[in-house]
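Peer 1: Could you work out the structure for the sequence below:
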Amino acid sequence: MSIAKVTEVISASTVGIEDAVKQGVARASKTLDNITGVWVSDIKCTVNGDAITEWRCTLKLTFVLKD
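Peer 2: As a prediction, this is how the structure comes out:
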């Protein structure tokens with residue numbers, strides 16, 4: 001039987017949403033083992049003038065706990 005846990009992180013990117021998610025998962029996987037899924041629960045943007053300068057994503061990461 002497996003037990004999973006969910007943790008929440010916020011990641012950012014100047015490139016776009018997909019990049020922010022990839023960076024968040026890559027960074028979280030440095031300290032969390034067995035990540036099995038990610039849910040983007042919120043997206044926010046920083047705007048300067050009429051341009052989006054940064055994308056911020058709130059991620060809920062699911063990982064399986066070790067026995």
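
Peer 1: alpha carbons only for contacts and neighbour counts from here, please
Peer 2: Will do.

Peer 1: Does Thr46 lie in a helix or a strand, and which?
Peer 2: Assessed by DSSP states H and E, Thr46 sits inside strand 35-48.

Peer 1: What of Val25?
Peer 2: With DSSP H and E as criterion, Val25 is part of helix 17-28.

Peer 1: helices and strands around that helix, which ones?
Peer 2: Helices and strands touching helix 17-28, by 3 or more C-alpha pairs under 8 Å, 6 or more residues apart in numbering; DSSP states H and E, are strand 4-13, strand 35-48, strand 51-64.

Peer 1: Switch these over to TSV; also include mean neighbour count.
Peer 2: Formatted as TSV, the helices and strands packed on helix 17-28 follow (neighbours: other C-alpha atoms under 10 Å):
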stretch	mean neighbour count
strand 4-13	15
strand 35-48	13
strand 51-64	18
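
Peer 1: Can I get these in a markdown table including distance to Val21 and mean pLDDT?
Peer 2: A markdown table is the format used below for the helices and strands packed on helix 17-28 (distance: least, C-alpha to C-alpha, whole Å; pLDDT from 0 to 100):
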| stretch | distance to Val21 | mean pLDDT |
| --- | --- | --- |
| strand 4-13 | 7 | 97 |
| strand 35-48 | 8 | 97 |
| strand 51-64 | 7 | 97 |
